[in-house]
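[1] from the sequence below, what's the structure:
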Amino acid sequence: CRIHPPSRGEVASHMAAAEYDVFVSHYRGSAPDFLEHARAKAICEALQAAPFGLRTWFDDQGLGPDSQGQVVQALERSSCALILLSASYISKVAGEDAQESCRTEFSSALRILSTSRMIAVLMDEASKTHKPWAGIVGTALGGEPHIDCSVEASADKLQEISDRVCVLRQLPRCTALTPEAFPALRLELLKMEIYPAIACADQAVNGFPGLTYRDAAITLARQETSALRAVGLWACWRTYAPSEATIDMGNGTTLTRRQILIEANRADPMLAPVYSSLAYDITTTGDKTFDLPDGRRMSSPQLYRESIRCDPLFVVAYNNLAVQMGERDTVALSDGRVFNRRQLLVEALRLRPAFGAAWYALAVITNNERAITVADGRQMTQQQLFIEAIRWDPRLAEAYINLAASMTAADFVSIEMGPGIWQTFTRRQLQLAALRVSPQHPAAHNNLAVDMGLAEFVTYPDGRTVNKQQAVLEALKYSPRAAHLYLHLASTMDPADTLTVPDGRRATRIDLLVEAISLQPDLIDACRKLAESMGPSERVTLRDGRQVTRDQLNAVASGTALPSAAAGAQAVAEDTPHAGAPSATAATEGAKKTGFMTKLGGMVKNWKRRYCVLGPDGVLHYYKEATSKTPQGSISLKGAYIEAQDQPRSDGRPHIFLLVTPGRTYVFSCESAEDRAEWCRVISEIISQFS
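    Here you go, the predicted model:
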């Protein structure tokens with residue numbers, strides 16, 4: 001789960017930047033039913049033309065293989081949905097085909113917009129006379145007002161549709177949001193029990209038609225009213241691309257990400273999301289504290305607490321604060337309430353049950369052997385929490401991956417993907433769903449490949465058909481220094497085969513095994529397989545120049561390290577600590593987890609007991625003792641992931657987990673299975689903040 005101040009994909013779509021005034025859902029049909037599609041297209045084109053000038057989303061040609069993803073994205077960018085009801089449409093929605101476009105559009109609109117932002121339009125006599133409507137259409141819209149276009153979409157009917165759309169946009173009909181209109185808009189949004197500041201930002205920039213979201217935000221940031229200016233500045237911050245150093249504010253001024261947040265806070269110190277954004281900003285840059293314009297100095301947890309003080313309904317702050325806390329930590333809010341991290345997440349879900357990120361965070365910190373009680377009184381297991389996360393936010397790739405990992409190949413789960421719309425997933429289907437929402441996730445590609453046979457093919461969400469080898473290559477493309485991927489790829493090849501790896505090199509099976517061992521010299525299976533392909537006196541050269549024999553490779557299984565890179569050279573036993581790394585005592589303050597683990601050396605393959613300190617800045621320091629002044633090494637968790645190994649190593653070392661980083665794979669042994677589970681959980685939490 002990516003933990004950061006909410007983007008447009010993480011809040012309800014009626015708060016998102018509306019690229020479209022209205023999403024038009026209709027039955028496209030097939031011959032001879034194209035007349036229905038033609039009528040729907042005519043309505044859409046009339047709404048786009050003068051005098052209405054509405055921005056519509058309309059499926060004219062049919063969607064590609066990722067139809068659900070396209071529909072969800074369009075709905076998130078729409079102010080409301082126009083549901084063109086016909087007998088055929090109602091029948092398709094009520095049917096059992098989960099891939100039917102009408103059903104996908106209707107169920108997604110219900111989940112993302114709710115019935116309050118769905119406009120029912122009757123398109124034929126059957127839909128007019130056969131009420132109540134069948135299935136979920138009748139349940140959701142049967143009691144809602146509708147517009148009758150069963151005979152024709154007259155000018156009066158089109159005007160009625162346009163009026164409804166304008167009301168649902170919550171905007172005046174003027175071309176700019178005036179300071180006088182702003183308080184009323186905020187009040188209306190508060191009544192809707194949504195994030196008021198975020199909604200104001202998104203709805204306010206929509207007051208400037210014809211401008212991009214950023215240009216509208218910049219225009220809003222120039223307003224004289226401080227509250228409007230603050231919202232505009234914060235909306236600008238949300239548009240930052242990772243590659244951008246500054247934003248040109250259009251008046252000769254350029255501002256960095258942090259400068260924009262400072263100015264927003266100066267303009268309106270009560271704008272809650274600014275504090276959460278600042279907390280996220282200092283966490284990602286590794287800063288411990290931040291000096292606010294009013295002179296207060298705050299740490300990241302304090303900024304999240306201030307965000308909650310300014311807006312007790314801002315659930316993202318509850319979620320992000322909980323993710324930063326340790327298992328035994330508690331936090332006191334400004335109203336006197338005291339929470340541990342689990343209670344914070346439960347409180348966030350009490351305020352907003354549809355907050356998928358909080359369901360996922362709660363699942364991650366929940367031991368998979370016991371159930372917990374959530375806000376509505378239900379007892380839920382870890383697997384059920386992952387299911388709930390997907391139900392409320394189908395874009396959480398990590399939720400699909402973790403849920404799939406908890407299942408066998410024969411298991412299946414049913415998830416409510418919309419009101420009354422249930423979809424059954426096998427483990428394979430969950431892995432494919434993860435790829436649909438996160439095509440660059442290496443674990444999603446590799447986990448899918450692990451389940452595949454050598455001769456098996458699977459169709460990716462983008463329509464490509466890939467075999468096992470191609471799936472591993474996809475994983476390697478996004479994690480090119482993961483040793484186990486080279487080993488996995490080698491297992492898909494015959495000795496005489498060659499292939500092209502993502503960096504363009506041609507590689508044989510032996511080349512891949514050499515690469516795996518060069519990246520992780522203690523990878524026993526790679527050493528064994530490479531040794532099996534060698535003659536008694538044969539040598540192979542690793543990437544760092546070391547030459548190794550078959551006997552030396554076989555000896556790795558018994559715990560003997562491979563020789564160092566240069567004869568007589570002193571091997572490097574530890575990693576270089578980060579510049580300015582703290583002492584063990586200093587690092588422990590505010591740490592997410594501390595304790596002793598045993599670490600396998602990088603070059604010299606011996607086990608050493610180390611005092612490990614995991615900080616909220618995404619760095620794992622390890623020391624000789626709990627009182628050491630400097631660490632023996634520091635590991636950045638950015639771009640890393642965890643792999644637990646259930647079987648003891650060949651040297652008998654139990655409770656192993658691998659910490660796979662872009663530069664190296666680290667091997668740790670814990671004192672117990674419970675200790676390993678806790679380390680893996682906490683490290684995974686921190687990784688999720690920087691993923």
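[2] residues contacting Glu125?
    Ser150 (CB atoms under 8 Å, 6 or more residues apart in numbering). Just so you know, the C-beta spots here come from the backbone N, C-alpha and C atoms, and that holds for glycine as well.
[3] distance check, it against Asp148.
    10 Å (CB to CB, to the nearest Å).
[4] got it, and Lys629?
    From Lys629 to Asp148 the distance is 79 Å (CB to CB).
[5] can you show me the strands along the stretch 301-450 of the chain?
    330-332, 338-340, 372-373, 379-380, 412-418, 421-426 (DSSP state E, counting those that start in this stretch).
[6] list the neighbouring strands of the fifth one plus their orientation.
    Meaning strand 412-418. Take DSSP bridges as the rule and strand 412-418 pairs in its sheet with strand 421-426 (antiparallel).
[7] for the partner strand, what is the average pLDDT?
    For strand 421-426, the mean per-residue pLDDT is 88.
[8] same question, stretch 246-262
    86.
[9] what are the contacting residues of it?
    214, 218, 221-222, 233-234, 236-237, 239-240, 245, 263, 274, 277-278, 281, 293.
[10] which of the residues you listed count as buried?
    Buried by 16 or more other CB atoms under 10 Å: 214, 218, 221, 233-234, 236-237, 239, 263, 274, 277-278, 281, out of the contacts of stretch 246-262.
[11] related to what we said a few turns ago, need the strands of the stretch 301-450 of the chain in CSV with mean neighbour count and distance to Ala348, can you?
    As requested, those are arranged in CSV below (neighbours: other CB atoms under 10 Å; distance: least, CB to CB, whole Å):
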stretch, mean neighbour count, distance to Ala348
strand 330-332, 14, 13
strand 338-340, 15, 10
strand 372-373, 15, 14
strand 379-380, 14, 15
strand 412-418, 17, 20
strand 421-426, 16, 25
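[12] turn those into TSV, including distance to Ala496.
    Shown next, in TSV, are the strands of the stretch 301-450 of the chain (distance: least, CB to CB, whole Å):
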stretch	distance to Ala496
strand 330-332	61
strand 338-340	59
strand 372-373	54
strand 379-380	52
strand 412-418	40
strand 421-426	35
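[13] name the helix or strand of this protein that has the lowest mean pLDDT.
    Every helix and strand of the chain was ranked by mean pLDDT, DSSP states H and E. The lowest is helix 181-191, at a mean of 41.
[14] tell me, how many residues neighbour Thr284?
    Residues lying near Thr284 (other CB atoms under 10 Å) number 16.
[15] okay, and it sits in which element?
    Using DSSP states H and E, Thr284 sits within helix 272-285.
[16] do the same with Ile147
    strand 146-148.
[17] got it, and Gly595?
    strand 593-600.
[18] who are the packing partners of the helix or strand just after that strand?
    Using DSSP H and E, the next helix or strand after strand 593-600 towards the C-terminus is strand 607-614. The helices and strands touching strand 607-614, judged by 3 or more CB pairs under 8 Å, 6 or more residues apart in numbering; DSSP states H and E, are helix 584-588, strand 593-600, strand 619-623, helix 673-690.
[19] for the stretch 51-200 of the chain, what spans make up the helices?
    67-76, 87-94, 101-112, 125-129, 135-141, 155-168, 181-191, 196-205 (DSSP state H, counting those that start in this stretch).
[20] lowest average pLDDT across those?
    Among the helices of the stretch 51-200 of the chain, helix 181-191 scores lowest, at a mean of 41.
[21] count of residues packed around the residue nearest to Glu19 when sequence neighbours are not counted?
    Leaving aside its sequence neighbours, Glu19 sits nearest to Arg77 (CB to CB, 6 or more residues apart in numbering; 4.1 Å). Using other CB under 10 Å, Arg77 has 19 neighbouring residues.
[22] Arg77 reaches Arg55, doesn't it?
    No. Using CB atoms under 8 Å, Arg77 is not in contact with Arg55, being 9.6 Å away.
[23] returning to that earlier point: highest average neighbour count across the helices and strands packed on strand 607-614?
    strand 619-623 (a mean of 25; mean count of other CB atoms under 10 Å).
[24] what's the first helix or strand after that strand?
    strand 633-636.
[25] what's that following strand packed up against?
    By 3+ CB pairs under 8 Å, 6+ apart, strand 633-636 packs against strand 619-623.
[26] quick check: mean pLDDT across the strand it packs on?
    89.
[27] strands paired with it, and their directions?
    strand 607-614 (antiparallel), strand 633-636 (antiparallel).
[28] mean pLDDT for these: which is lowest?
    Looking at these, the weakest mean confidence is strand 633-636, a mean of 85.
[29] can you identify the element that follows that strand toward the C-terminus?
    strand 641-645.
[30] and that next one, average pLDDT?
    Strand 641-645 carries an average pLDDT of 79.
[31] what helices or strands is that strand leaning on?
    So strand 641-645, by 3+ CB pairs under 8 Å, 6+ apart, packs with strand 656-660, helix 673-690.
[32] which residues sit against that strand?
    In contact with strand 641-645 (CB under 8 Å, 6+ apart) are residues 442-443, 484, 656-660, 676-677, 680, 683-684, 687.
[33] export those to CSV and tack on pLDDT?
    Shown next, in CSV, are these (pLDDT from 0 to 100):
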residue, pLDDT
Pro442, 89
Ala443, 89
His484, 89
Ile656, 88
Phe657, 88
Leu658, 86
Leu659, 88
Val660, 82
Arg676, 87
Ala677, 83
Cys680, 87
Ile683, 89
Ser684, 84
Ile687, 83
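[34] any idea which of these is closest to Pro582?
    Comparing the contacts of strand 641-645 against Pro582 with CB to CB places Ile683 closest, at 18.7 Å.
[35] thinking again about what came up before, do you know which of the strands paired with strand 619-623 lies nearest Gln431?
    Per CB to CB, nearest to Gln431 of the strands paired with strand 619-623: strand 633-636, 27.8 Å.
[36] chain center to that closest one: distance?
    25 Å (CA atoms, centre = their mean, to the nearest Å).
[37] rewinding a little: turn the buried ones among the contacts of stretch 246-262 into a markdown table, columns for distance to Leu35.
    Output for the buried ones among the contacts of stretch 246-262, formatted as a markdown table (distance: CB to CB, whole Å):
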| residue | distance to Leu35 |
| --- | --- |
| Arg214 | 42 |
| Ile218 | 46 |
| Ala221 | 49 |
| Leu233 | 50 |
| Trp234 | 48 |
| Cys236 | 47 |
| Trp237 | 48 |
| Thr239 | 43 |
| Glu263 | 56 |
| Val274 | 53 |
| Ser277 | 51 |
| Leu278 | 56 |
| Asp281 | 55 |
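[38] now, which of the residues you listed sits nearest Lys593?
    Among those, and counting by CB to CB, the member closest to Lys593 is Asp281, at 23.7 Å.
[39] and that closest one, how close does it get to Ile247?
    Using CB to CB, Asp281 is found at 14 Å from Ile247.
[40] on that earlier part again, now do the buried residues in the strand holding Ile147.
    His146, Ile147.
[41] can you name the residues in contact with that strand?
    Leu85, Ile119, Ala120, Val121, Leu122, Lys128, Lys157, Glu160, Ile161, Arg164.
[42] just among the residues you listed, which is most surrounded?
    Leu85 (27 neighbours).
[43] hmm, Trp133 and that one touching each other?
    Yes. With contact defined as CB under 8 Å, Leu85 and Trp133 form a contacting pair (7.2 Å).
[44] mutual contacts of those two, please.
    Joint contacts of Leu85 and Trp133 (CB under 8 Å, 6+ apart) are Ser127, Leu141.
[45] where does the stretch 501-650 of the chain have low pLDDT?
    For the stretch 501-650 of the chain, the stretches with pLDDT under 70 are 564-581, 602-605, 646-650.
[46] report pLDDT for Val315.
    86.
[47] roughly how far does the residue nearest to it when sequence neighbours are not counted sit from Thr665?
    Of all residues not flanking Val315 in the chain, Ala348 sits nearest, at 4.2 Å (CB to CB, 6+ apart). Per CB to CB, Ala348 is found 35 Å from Thr665.
[48] picking up where we left off before, next, the angle from the helix holding Thr284 to helix 673-690.
    With axes from the mean of the first three to the mean of the last three CA atoms, to 10 degrees defining the directions, helix 272-285 sits at 110 degrees from helix 673-690.
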